[in-house]
Every structure is written in C-alpha cells, then in structure tokens.
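Colleague: Could you look at this predicted model? Sequence included:
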Amino acid sequence: MKINEIKIKTNSKNYSIIIGRNLIGKIDKILTKSKIDFEKCLIVADKNIPNRFKKVLYKKLRKKKLFKIEILPSENIKKYSTIDKIHKLLFQKRFNRTDCVISFGGGIIGDVVGFAASIFKRGIKFINVPSTLLSQVDSSIGGKTGVNNEYGKNLIGSFYQPDLVISDVNILGSLPKREIICGYAEIFKSSIINNYNNFNYLEQNLEKILKLKSPYIEKSILKSCNLKKMVVEKDESEKSFRKILNLGHTFAHSYESTLGFSKKLNHGEAVILGIKSAAEFSHNIKILPKKKLNIILNHINKIGMDPKIYKFFKKKDTDKIINFMKSDKKNNSKNINLILIKDFGKIKLNFHINHIILKKFLLNSLN
C-alpha cells in the first residue's frame, strides 16, 4: 500500500496526517521529511500496545533524549492527576516548548497527552501516533483534547492541533474484534454525514473492513479522515458546523457517563447505540423517513454488537441519562441540543428539544 498524506490547514496550525503500513519503523525519516526537530522527547504509551511496536518506536527515536511513561488506558485516567504525572516529568527533565511529547495509544491516551501538551508552558510540540482504529479515524484529528469530571465526559479541555499524526495500519491487526467495532462506529458515523455512496461502500464491504482487509480498511480510514479534514478546516473550534461530527454523541456520552464509564459499554459501542437513538428519534419527530431509518438500523444489526438500549439500562436510569444530556457542552439553553438525521448527507444541527420529550422517548425505547 502506498503512503497517503492528508494536509490539514487550520487557523492555529497546519499539519499532516500520514496513513500507511510499517510507518512506526519509518518515524525518524517521516520527522525529517516533515521538518520536525526536537532535542528531548517524552513518549506516553498505552501499556496494551504489543511490545514489538513500542520497541521499534523507542529504537527509532534513540538518538533523542528519550523519556517514557506507560499508562493503562481507561476513562478513569482522564483526570488531572494523570496530567500532573506527565507535567512533573516534563518539569523535572527541563523540557521546553521546542521539545516534544508523543502520544502512542488510542483516543484516551491522545486526549490526555494532547491536553497536557496544550497547557505545558502554553503549548509544547505534540505528535500523535494513534494505535486504535477509533483514534486513527477520529480522535487523533482535529485538535480536541480533554479530561472528564463528575458532570460528564470531556467537559474540561482545549483545542490543540498536533504537529503531526502518524497512522500505521499494521498495528490495527493487534486489536481485539471489540476494538475494531469501536473504531468502525466513527467510520459508520462519517458515512451517514457524508453521503449515501460512502455508506453504500461500507454496506457492500462491511465484513472485509471489519477483518482489516486491504484495500478496504485503508479506503475507509481515508474517507473518514477526509471528511473530518473538511469539517475541521471549516470550523476548527466547533462554533457551528463542526457540531455535525457529534452525531449520536449526545446520547453516547450520556450512556457512558450513566454507566460510570464501565467496560460494559465502550465508547464506540456507545456511539453506535447513540446513532441508533438519534436515528429513531429523528424518525419519531418525522424528519427521517422510515425507509432510511430501516437502512441505518439494518446496517447496525450487521456490525456485531447487540444495540438494544434495554440491555444496558432500566427505566429508573432515564433521569440520570437526561441529567448528563443537560450537561452536554453543546447546550446553550435550558433545552437539550441534538444532532439529528434527515437523510444520508443531510444532518440537522442545533435541534433544541425539551428534556420531557426526550425522557418519554427513552422510556418508550426501554419497553
């Protein structure tokens, strides 16, 4: 497979996303070509990444003054104490703004490391090497960073664009099927936002994509990244249009928060469940035709998880779900702001809905 480069141009920074195979073993050459230089480097890596990939990365950067932190990722590490751990090492080793922090992991590691980089001396060089399908198609692009608190997910953070993103497709082969499905959720979301042709490509090649077959997985990653590039370049700081990427996420983040970020429902599964809820609610208020709803639901049923809300929640949980939806950062009124679906490629932004109507919808879904 050839190496693909997507160039992102935002008001705050221009950078490249490099997508291909065997890229970790070429990181020194990629950095030289990208004209990114530094004396010291801290790599914050996911403990779950197989040692063979970490050893290659460490070896290729051995000429730098290299420091390492390995973290076992979970939503529970997205907090200030993790940020403080990273900052302490940076201060102790006298890092400055021309040095570099590298995230080597999935979206959780990327969110935490990106946020730590953004506020260390008001911003240090930051390179993202995403190791999961979810992070390669979504969280490593666009500069969103953040941590959680008792009021919900990602409510404290910053917009901080990386200096470079390196997505090595080979590492995806080390992921369990559940993690592949987790990443596929964002590919699926992007296809609904984009157009029916992109969705139909997934519909025709779903099994090959989930099995990481070439060139299907590479094409799917590229399509998702190009959609996100277009959106981020139009609206870097999510003032309006970028909210389109939150399709399904108001439901999803509330589902995750209600379960206390339990392993019972990971982020990608919550997004699939959230897209299902958004589609069904869109149909309930008569903006999504029944035929299009069925196409979406039939595809979800083929993905390989059991997307039934009553498998995860009981009716007594609805008030808690609604409270987390009220705390969502997209809200700017007493009502809850949803991103809904009119058709493939036609997304309804800023649909403000009263929480009583939403509660009734959730209760009906739990029957």
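Modeller: Thanks, I have it. Residues are numbered from 1 along each chain as shown.

Colleague: contacts and neighbour counts: CA atoms only from here.
Modeller: Will do.

Colleague: pLDDT value on the residue sitting nearest the centre point of the chain, please?
Modeller: Centroid-nearest residue in the chain, with Cα atoms, centre = their mean: residue 139, separated by 3.2 Å. Reading off the confidence values, residue 139 has pLDDT 87.

Colleague: OK, contacts around the spatially closest residue to it that is not a sequence neighbour?
Modeller: Excluding the flanking residues, the one nearest residue 139 by Cα to Cα, 6 or more residues apart in numbering is residue 107, at 5.5 Å. Residues counted as contacts of residue 107 (Cα atoms under 8 Å, 6 or more residues apart in numbering) are 130, 132, 134, 135, 139, 140.

Colleague: quick one: residue 164 from residue 16, how far?
Modeller: Separation of residue 164 from residue 16 (Cα to Cα, to the nearest Å): 5 Å.

Colleague: Residue 79 too?
Modeller: 28 Å.

Colleague: hmm, back to that, for the residue nearest to the centre of the chain, grab phi and psi.
Modeller: phi -70, psi -20 (degrees, to the nearest 10).

Colleague: correct me, but it touches residue 114?
Modeller: No: counting by Cα atoms under 8 Å, residue 139 stays clear of residue 114, with 10.5 Å between them.

Colleague: Residue 350 in helix, strand or coil?
Modeller: Secondary structure, DSSP: H, G, I helix; E, B strand; the rest coil: residue 350 is strand.

Colleague: I'd say it and residue 335 touch.
Modeller: No: using Cα under 8 Å, residue 350 is not in contact with residue 335, being 10.5 Å away.

Colleague: what about the strands in this structure?
Modeller: 4-9, 14-20, 40-46, 65-71, 100-105, 125-130, 144-149, 152-159, 164-168, 336-343, 346-353 (DSSP state E).

Colleague: For residue 325, which of the ones you listed is the nearest?
Modeller: Among those, the nearest to residue 325 by Cα to Cα is strand 336-343 (6.7 Å).

Colleague: Pairing partners for the closest one, with directions?
Modeller: Here strand 336-343 is paired, per DSSP bridges, with strand 346-353 (antiparallel).

Colleague: was I right about residue 31 contacting residue 25?
Modeller: No: counting by Cα under 8 Å, residue 31 does not reach residue 25; the two are 11.7 Å apart.

Colleague: Relative to residue 284, how far out is residue 28?
Modeller: Distance from residue 28 to residue 284, by Cα to Cα: 53 Å.

Colleague: and residue 327, how many residues sit next to it?
Modeller: 17 (other Cα atoms under 10 Å).

Colleague: surely it meets residue 154?
Modeller: No: the criterion here is Cα under 8 Å, and residue 327 misses it with residue 154 at 10.9 Å.

Colleague: who touches residue 179 in this structure?
Modeller: Contact partners of residue 179, counting by Cα under 8 Å, 6+ apart, are 132, 133, 134, 268.

Colleague: run the last query once more with 10 Å
Modeller: Residues near residue 179 by Cα atoms under 10 Å, 6 or more residues apart in numbering: 132, 133, 134, 172, 266, 267, 268, 269.

Colleague: for residue 347, same thing?
Modeller: Residue 347 sits next to 192, 193, 194, 244, 245, 247, 288, 339, 340, 341 when contact means Cα under 10 Å, 6+ apart.
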